[in-house]
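Chemist: Provided below are the primary sequence and the corresponding predicted coordinates.
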Amino acid sequence: MAAPMALCRSCFRHFSKPTFAVRYFRTSRCASSKTSNDDGDYLGGRETHFGFEAVTESEKTRKVYEVFKNVAGNYDTMNDAMSLGIHRLWKDRFMQVLKPSQGTRLLDVAGGTGDIAFRFMDFIRNAQLNSISSARQTRVQHADNSSSSDSESSSSDSDSDRVPDKERSGWRDDTRVTVCDINLSMLQVGQQRAEERGLTEGISWVVGNAEELPIASESMDAYTIAFGIRNVTHIEEALSEAHRVLVPGGRFMCLEFSQVSNPLLRSLYDSYSFQVIPVLGQVIASDWKSYQYLVESIRQFPNQEEFAAMIRDAGFSMVTYENLSVGIAAVHSGFKL
């Protein structure tokens with residue numbers, strides 16, 4: 001049975017007819033804790049941007065929600081089409097930099113379809129299984145030097161039997177990933193993918209706003225957000241929340257589209273982004289506008305140095321970034337000390 005999805009009672013009116021079990025929780029740290037009218041619309045708000053369009057902050061929140069509700073069903077297909085599959089390599093590198101170990105408690109924000117969560121789980125399992133295999137080979141080699149082939153076989157079997165089931169599966173009970181996304185449609189896609197992969201242990205799904213996380217303070221060892229932070233209304237608040245939920249020594253990591261520094265390559269990239277990606281959105285997902293917004297949102301996001309400065313301002317130390325594919329994307333990292 002799939003892990004239940006957590007959903008704040010006061011947020012429930014924003015999401016209709018969930019198709020699976022929902023575990024409710026109460027929290028004051030919720031998107032709908034802001035002043036709202038009877039229809040659930042946020043009142044007031046300063047002006048901000050939705051792509052290149054000037055909108056109020058409350059309008060951006062609604063518009064971004066609608067974008068990802070619309071694209072949820074085709075999100076992964078479109079990622080492959082837009083990046084020619086390169087986003088998979090970026091996410092693999094993202095996990096290699098994080099290099100999680102057994103016992104890590106990960107919060108993956110804006111991770112609705114599960115791409116980062118699944119890579120986290122695979123990385124942990126593979127590392128553990130490789131460690132067990134390496135240790136077993138060492139023991140067998142030692143047995144080969146000190147006994148006959150019959151005793152070698154017996155020793156190998158005995159060693160295998162002494163490995164606990166949890167270790168043999170590559171997973172421990174204290175290793176967990178919580179996927180948090182403001183959009184129920186995205187989480188539904190992620191949970192379905194998890195069920196298809198048989199990944200029901202050690203993963204939970206929570207509806208929540210990156211700016212007001214329904215997560216206890218100092219409860220996570222790592223925080224990841226991939227291609228999501230540029231969509232939040234107040235980036236500074238999302239970074240502050242990331243700092244709050246991490247334990248001292250915890251790591252913040254963000255994978256996000258960034259700025260290509262080479263003028264010629266930047267011109268080619270812009271031409272592809274604005275002329276091809278919305279067309280792909282229309283052909284594959286019958287949705288030009290959502291993908292036009294996604295392209296515009298990339299251009300509005302701070303460059304690598306500016307975003308690194310924002311991470312430092314949120315209280316993180318040892319802040320670094322690594323450009324991927326000449327700066328089309330970047331991996332940002334920082335620690336809570």
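Modeler: Nice, thanks for sending it over. Numbers count the residues shown, from 1 in each chain.

Chemist: Tell me the first helix or strand C-terminal of the helix or strand of the chain with the lowest mean pLDDT.
Modeler: Least confident helix or strand of the chain, by mean pLDDT, DSSP states H and E, is strand 22-25 with a mean of 38. Next helix or strand after strand 22-25 toward the C-terminus (DSSP states H and E): strand 47-50.

Chemist: For that following strand, buried residues please.
Modeler: Going by neighbour count (16 or more other Cβ atoms under 10 Å), the buried part of strand 47-50 is 48, 50. Where C-beta positions appear, they are placed from N, C-alpha and C, glycine not excepted.

Chemist: Could I have the CA atoms of that strand written out in PDB?
Modeler: Provided in PDB are the C-alpha atoms of strand 47-50 (Å, rounded to 0.1, in the frame of the first residue of the first chain):
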ATOM      1  CA  GLU A  47       3.400  43.600  -7.300                       C
ATOM      2  CA  THR A  48       5.700  40.900  -8.600                       C
ATOM      3  CA  HIS A  49       6.200  39.000 -11.900                       C
ATOM      4  CA  PHE A  50       4.700  35.900 -13.500                       C
END
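
Chemist: Quick one: mean pLDDT over that strand.
Modeler: For strand 47-50, mean pLDDT is 78.

Chemist: ok now it, how far from the chain's centre?
Modeler: Relative to the mean C-alpha coordinate of its chain, strand 47-50 is positioned 24 Å out (Cα atoms, centre = their mean, to the nearest Å).

Chemist: swap in stretch 287-305?
Modeler: Mean-position distance between stretch 287-305 and its chain equals 18 Å (Cα atoms, centre = their mean).

Chemist: got the contact list for it?
Modeler: 49-53, 63, 67, 70-71, 74, 78, 82, 230-231, 235, 256-259, 270, 273-274, 277-282, 285, 307, 310, 321, 323, 327, 330, 332 (Cβ atoms under 8 Å, 6 or more residues apart in numbering).

Chemist: And stretch 85-104, by the same measure?
Modeler: Contacts for stretch 85-104 (Cβ under 8 Å, 6+ apart): 79-80, 83, 106, 115-116, 119-120, 123-124, 127-128, 172, 174-175, 221-222, 224, 226-227, 251, 253, 255, 322, 324-325, 329, 331, 333.

Chemist: Among these, which lie within helices?
Modeler: Mapping the contacts of stretch 85-104 onto helices (DSSP state H) picks out 79-80, 83, 115-116, 119-120, 123-124, 127-128.

Chemist: Nearest to residue 241 among the residues you listed?
Modeler: residue 116 (17.4 Å; Cβ to Cβ).

Chemist: Might you report the residue contacts of that closest one?
Modeler: 91, 94-95, 108, 224, 226.

Chemist: Write a PyMOL command that selects only the buried members of those.
Modeler: If you want just the buried ones from the contacts of residue 116 in PyMOL, going by 16+ other Cβ under 10 Å, the selection is:
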select buried, resi 91+94+95+108+224+226
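
Chemist: Reformat the contacts of residue 116 as a markdown table; add pLDDT and distance to residue 296.
Modeler: Formatted as a markdown table, the contacts of residue 116 follow (pLDDT from 0 to 100; distance: Cβ to Cβ, whole Å):
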| residue | pLDDT | distance to residue 296 |
| --- | --- | --- |
| 91 | 97 | 23 |
| 94 | 98 | 24 |
| 95 | 98 | 28 |
| 108 | 98 | 25 |
| 224 | 99 | 24 |
| 226 | 97 | 19 |
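
Chemist: Show me where this structure dips below the pLDDT cut-off.
Modeler: Within the chain, the segments meeting pLDDT under 70 span 1-45, 131, 133-172.

Chemist: remind me, longest strand of it?
Modeler: Counting residues, the longest strand found in the chain (DSSP state E) is strand 246-257.

Chemist: send the alpha carbons of stretch 95-102 over as PDB?
Modeler: The C-alpha trace of stretch 95-102 is given here as PDB (Å, rounded to 0.1, in the frame of the first residue of the first chain):
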ATOM      1  CA  MET A  95      22.600  13.500  -6.200                       C
ATOM      2  CA  GLN A  96      26.300  12.700  -6.600                       C
ATOM      3  CA  VAL A  97      27.100  16.100  -5.100                       C
ATOM      4  CA  LEU A  98      24.700  15.500  -2.200                       C
ATOM      5  CA  LYS A  99      26.000  12.000  -1.700                       C
ATOM      6  CA  PRO A 100      23.500  10.900   1.000                       C
ATOM      7  CA  SER A 101      24.200   8.100   3.400                       C
ATOM      8  CA  GLN A 102      22.100   5.700   5.400                       C
END
